[in-house]
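K.L.:
predicted structure and sequence below. I'll ask about it afterward.
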Amino acid sequence: MPEVLSIGGVPATTLAKNFRTPLYVYDQGKIEETIQVFKKNFVSRQFETKILYASKAFQAVEMLNLIADNGLGLDVVSGGELYTALKSRLSPGDIYFHGNNKSYDELNFAFVAGVRHIVVDNSMELEVIATLATAYKQEMEISLRLNVGVEAHTHEYIITSHIDSKFGMAYESAECKKCLERIDSHPYLTLEGFHSHIGSQIFDTTAWYASIDILTGYLRDFPQKLTLNIGGGFGIKYTEKDAPPALDGILQSLVAYVESTGVPIGKLMIEPGRSLVGEAGCTLYTVGYQKETPGKKYYFVDGGMGDNMRPSLYQALYHCDLANKMELKKSETVTIAGKYCESGDILIKEAHLPPASPGDLLVVYATGAYGYSMSSQYNRNAVPGVVFCKDGKAREVIRRQSFEDLIRNEIFTEKNAKPIIPVFETFTIGEVAVNEG
């Protein structure tokens with residue numbers, strides 16, 4: 001085993017030196033390989049198929065350019081995500097606008113931008129869309145998000161289709177009937193189909209099959225061929241204990257199952273997010289101080305819950321290594337804790353690692369989904385930068401925030417502003433190099 005971990009052919013030590021830590025790093029080649037797995041296996045001879053990248057997992061213009069260049073579509077859930085998508089090479093016609101509380105301004109933005117597909121959550125939203133469609137005399141294809149009552153076996157905060165979920169509506173409900181009637185009577189609205197998303201980090205296809213059975217049953221009520229969007233939720237490997245089924249097999253089985261229902265559909269769609277970028281991304285940290293309590297040994301790192309909220313939010317588990325000591329025996333069991341002023345700022349409760357020293361590099365794997373997306377400036381820590389690596393070359397796609405960025409949007413009276421020391425990158429105390437943090 002090499003002493004230093006490489007990501008996309010670039011040594012972790014080089015990345016830390018050139019871009020500082022914490023740092024989000026993506027293996028671009030791995031993202032592209034995963035996209036090809038989706039494209040090659042999510043195909044049917046009976047109906048059209050389409051893959052939409054669920055961009056809430058990780059959005060950046062360069063990421064969306066990869067999506068566009070590989071012929072995928074996109075789903076967005078906010079005006080900000082839509083704006084970012086429009087800055088990429090994606091066509092507005094390949095963007096699907098999701099969300100349970102889209103504002104008037106966001107929906108108006110979608111019409112002006114040329115978006116042609118909206119996934120509707122409720123009848124009040126549909127009325128706003130109807131008003132805008134009439135005003136602009138512009139056609140819009142509508143998918144209704146349905147709550148099919150199928151619960152994937154995952155964490156309750158990432159189950160999205162149980163009967164009392166905030167998302168979607170029941171097909172049999174007055175809400176859904178009202179939406180169908182409104183679409184049917186409106187000159188510029190067309191029913192594209194139905195959408196359902198049953199959860200995330202799913203390893204068992206049984207829940208998908210149950211959802212498909214219900215959804216295809218609904219399609220029998222319509223004379224036209226409609227689109228069926230079964231969402232995403234494909235699980236990935238976060239720790240050594242995770243054993244997600246092979247992605248190609250899942251995709252083939254889902255297509256085959258829909259084909260086996262015998263229900264004619266116009267198009268089958270899925271929305272992978274985590275499964276496209278999760279395992280392709282990792283986070284590099286620098287190990288700082290260490291501390292032992294009666295029951296634990298802590299390794300502190302220069303990031304934490306501000307760059308990875310998932311462990312604190314829903315006890316997500318991760319695997320890590322010392323990126324500059326890959327060849328050493330893992331003889332220590334330690335807790336990886338961040339620098340944020342919260343007791344819950346724990347990245348990994350029991351990490352098996354070699355003995356570490358201040359300045360060593362820690363890599364946490366599979367942080368490519370929802371790491372940067374959920375990042376914050378809590379405690380006025382700067383949000384880390386993002387780097388793509390491929391074929392031994394690294395390129396910065398999102399720069400690390402500076403201290404100046406932290407106050408960029410603040411409005412204050414200059415006469416009350418105290419003079420500050422110059423912004424620094426690194427300063428030296430004696431013989432010890434110290435980063436700004």
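P.N.:
Ah, there it is.
K.L.:
if I look at the residue nearest the centre of the chain, how far off is residue 264?
P.N.:
The structure's the chain has its C-alpha centroid closest to residue 57; by CA atoms, centre = their mean the separation is 0.7 Å. Separation of residue 57 from residue 264 (CB to CB, to the nearest Å) stands at 32 Å. C-beta: built from backbone N, CA, C; applies to glycine.
K.L.:
quick revisit: any idea how far the residue nearest to the centre of the chain is from residue 404?
P.N.:
Separation of residue 57 from residue 404 (CB to CB) stands at 29 Å.
K.L.:
sorry, back to before: which non-adjacent residue is nearest the residue nearest to the centre of the chain?
P.N.:
Spatial nearest neighbour of residue 57, chain neighbours left out: residue 273 (3.3 Å); criterion: CB to CB, 6 or more residues apart in numbering.
K.L.:
which residues touch the one you found?
P.N.:
Residue 273 makes contact with 53-58, 232, 369, according to CB atoms under 8 Å, 6 or more residues apart in numbering.
K.L.:
turn those residues into JSON lines, including pLDDT, distance to residue 196 and secondary structure.
P.N.:
Listed next are the contacts of residue 273 as JSON lines, based on pLDDT from 0 to 100; distance: CB to CB, whole Å; DSSP: H, G, I helix; E, B strand; the rest coil:
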{"residue": "53", "pLDDT": "98", "distance to residue 196": "18", "secondary structure": "strand"}
{"residue": "54", "pLDDT": "97", "distance to residue 196": "14", "secondary structure": "strand"}
{"residue": "55", "pLDDT": "97", "distance to residue 196": "19", "secondary structure": "helix"}
{"residue": "56", "pLDDT": "97", "distance to residue 196": "17", "secondary structure": "helix"}
{"residue": "57", "pLDDT": "97", "distance to residue 196": "19", "secondary structure": "helix"}
{"residue": "58", "pLDDT": "98", "distance to residue 196": "23", "secondary structure": "coil"}
{"residue": "232", "pLDDT": "92", "distance to residue 196": "11", "secondary structure": "coil"}
{"residue": "369", "pLDDT": "97", "distance to residue 196": "21", "secondary structure": "coil"}
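K.L.:
report all helices and strands that whichever strand in the chain runs longest contacts.
P.N.:
If you go by DSSP state E, the chain has its longest strand at strand 281-292. Helices and strands touching strand 281-292, by 3 or more CB pairs under 8 Å, 6 or more residues apart in numbering; DSSP states H and E, are helix 12-19, strand 23-27, strand 297-301, strand 361-365.
K.L.:
and the second one, average pLDDT?
P.N.:
Mean per-residue pLDDT for strand 23-27: 98.
K.L.:
for the longest one, same thing?
P.N.:
Confidence for helix 12-19, expressed as mean pLDDT, is 98.
K.L.:
quick one, it and strand 281-292 angle?
P.N.:
Our comparison of helix 12-19 with strand 281-292, counting by axes from the mean of the first three to the mean of the last three CA atoms, to 10 degrees, yields an angle of 90 degrees.
K.L.:
kindly report the same for the second one.
P.N.:
Using the same axes, to 10 degrees, the inter-axis angle of strand 23-27 relative to strand 281-292 is 140 degrees.
K.L.:
many thanks, we can stop here.
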